[in-house]
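J.: After the sequence you'll find the predicted model.
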Amino acid sequence: MGVYSKKRTDGTTAWYYDFMHDRVRYRGIGGATKTQALRALEKRRSEVLSGEFGMVNKVGNPKIEQFAEVYLQRRQHLRSHKRDAVSVRALLKFFKGEFLMSIKASDIEDYIGKRRKEGVSNATINRELACLKKMYNLAIKWGEAKRNPVIDVEFLEEPPGRTRFLSEEEAQRLIQCSSNHIKPIVMTALNTGMRLGEILALRWEHVHIRNVIEPYLEVAQTKNNKKRFIPLNDDMVDLFISLEDNGSQYVFLGTRGERLTTISKPFISALKRAGIEDFRFHDLRHTFASHYIMNGGDLLALKEILGHSDLKMVQRYAHLASSHKRRQINNLKGKFTICHLFATGEEIAASG
């Protein structure tokens, strides 16, 4: 039928659109002019033909436990799968039996309240909310939901991350007290800030110290699955040269020449011999970052080296730059103080 005009009871004229598609009639107000009505007609006709109009009727909307099973199955190859599985178990204890599209932001707020009463930390709750948010994003992508209710929920504040780090003397003591097969691993963590899993997965094909202008490591197996490149200092180049030709594709091996998957026991023993308490292997990463900043490194470069996606993740080290800033400021000493603050005009003229 197209578009047509019709007078309202108040005397004004309105334009409407009206058309048929697959024996279904679509009509509605298009605007105050014929042009507006024609535009509304074309827009609605396009939505109908593309299947976008009335999309809510085409969404699968399964129960959350059914979708969670598919979600975990399709993502089992990811490093975050174990963490997701833990989060899903917690979520299903509260939401099991609910359809995806029936869960509202207020229900999620109730979930947060319940978890807090159970004594669960804000950080853990946030990981669970992040998992639920990802589930809904994929549900929308896969045609199982229309909207993500988590976007209307504020995540909880988390305390600043742990920043335990070693002094230079403590780091040297730890290296000396480490057994021969984990000593290179400890040194690599201290000089690159790599995670333990990244270090143990390092292959020789990722070590670039030959025929390059600037030696570097190519870190392929990362937490966020994004490859990154870490520059190597001379100490690390010497270390890798000493480890070459070990007969394996992996850089770091155990006492029997096998690939290492953990170093928990020998690392704990090294800490005890070094007299270092309240320390984890991951704190070597903090040690690298802390000394990098204290020796003049900038936060943006540190973010790239550590592989963080957000600058906020390295802000915890910002205060450590104060001594470096003081040294840099002190380099200006004497440059702008030729004329003393209380010098007389004759003295200034004489000095000129």
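T.: That came through, no problem.
J.: end to end, how far does stretch 312-322 reach?
T.: From its first residue to its last, stretch 312-322 covers 18 Å (CA to CA, to the nearest Å).
J.: Kindly report the same for stretch 65-83.
T.: 17 Å.
J.: Return the set of buried residues in it.
T.: Of the residues in stretch 65-83, 67-68, 71, 80 count as buried by neighbour count, 16 or more other CB atoms under 10 Å. (Each C-beta comes from the backbone N, C-alpha and C, glycine too.)
J.: Of those, which is the nearest to Met187?
T.: Nearest to Met187 out of the buried residues of stretch 65-83 is Ser80 (CB to CB; 29.0 Å).
J.: which of the buried residues of stretch 65-83 lies closest to Ile112?
T.: Out of the buried residues of stretch 65-83, the member with the shortest distance to Ile112 (by CB to CB) is Ala68, at 18.6 Å.
J.: Low-confidence regions, the stretch 201-350 of the chain specifically.
T.: Low-confidence segments of the stretch 201-350 of the chain (pLDDT under 70): 224, 323, 326, 337-350.
J.: Can you show me the helices along it?
T.: Counting by DSSP state H, counting those that start in this stretch, the segments of the stretch 201-350 of the chain that form helices are 234-243, 264-274, 283-294, 299-306, 322-330, 345-351.
J.: Residue ranges in the stretch 1-150 of the chain under the pLDDT threshold?
T.: For the stretch 1-150 of the chain, the stretches with pLDDT under 70 are 1, 22-23, 50-59.
J.: quick one, phi psi at the residue lying closest to Leu232 once chain neighbours are set aside?
T.: Computed as CB to CB, 6 or more residues apart in numbering, the closest residue to Leu232 that is not its neighbour in sequence is Pro215, at 4.2 Å. Per-residue torsions, Pro215: phi -60, psi 140 (degrees, to the nearest 10).
J.: my guess is Pro215 meets Asp235, correct?
T.: No - with contact defined as CB atoms under 8 Å, Pro215 does not reach Asp235; the gap is 11.0 Å.
J.: what about these two, which has more around it?
T.: Pro215 (17 against 10; other CB atoms under 10 Å).
J.: Identify the residues contacting that one.
T.: Taking CB atoms under 8 Å, 6 or more residues apart in numbering, we find Pro215 in contact with 208-209, 231-232, 236-237.
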